[in-house]
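>>> What would the 3D arrangement of this be:
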Amino acid sequence: ETVLRQAIGERVKPVLMVNKVDRALLELQLPGEELYQCFCRSIESVNVIVAMYEEEAIGDLMVDPCKGTVAFGSGLHQFQIGR
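Predicted coordinates:
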């Protein structure tokens with residue numbers, strides 16, 4: 001939260017990287033719907049923090065996969081999905 005708040009204060013638009021997707025798929029073997037809900041909760045948590053510190057001068061800072069501000073991937077397996 002601290003880094004996100006500082007970035008917004010410096011007028012840097014946030015981008016979210018959801019890491020360890022491989023673990024959710026391979027180790028935890030989460031069903032598709034549960035995985036989707038988990039991703040949605042993570043994105044919503046970030047957006048709650050963004051909403052607390054958002055400034056009108058910067059514009060819309062909410063992260064959204066459809067806007068290209070959220071990526072999904074795995075550092076271990078070196079892949080990333082997103083814009």
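>>> Show me which helix runs longest in the chain.
Secondary structure of the chain per DSSP state H: the longest helix is helix 32-53.
>>> so what does it touch, helix or strand wise?
Packing partners of helix 32-53 (3 or more C-beta pairs under 8 Å, 6 or more residues apart in numbering; DSSP states H and E): helix 2-9, strand 16-18. No exception for glycine: its C-beta is placed from N, CA and C like everyone else's.
>>> That helix to helix 2-9, inter-axis angle?
Angle between the axes of helix 32-53 and helix 2-9 is 50 degrees (criterion: axes from the mean of the first three to the mean of the last three C-alpha atoms, to 10 degrees).
>>> deepest of the helices and strands packed on helix 32-53, which one?
strand 16-18 (a mean of 17; mean count of other C-beta atoms under 10 Å).
>>> what's the following helix or strand past that one in contact with?
Sequence order places helix 21-22 as the next helix or strand after strand 16-18, per DSSP states H and E. Helix 21-22 is touched from outside by 72-74, 76-77, 81, with contacts defined as C-beta atoms under 8 Å, 6 or more residues apart in numbering.
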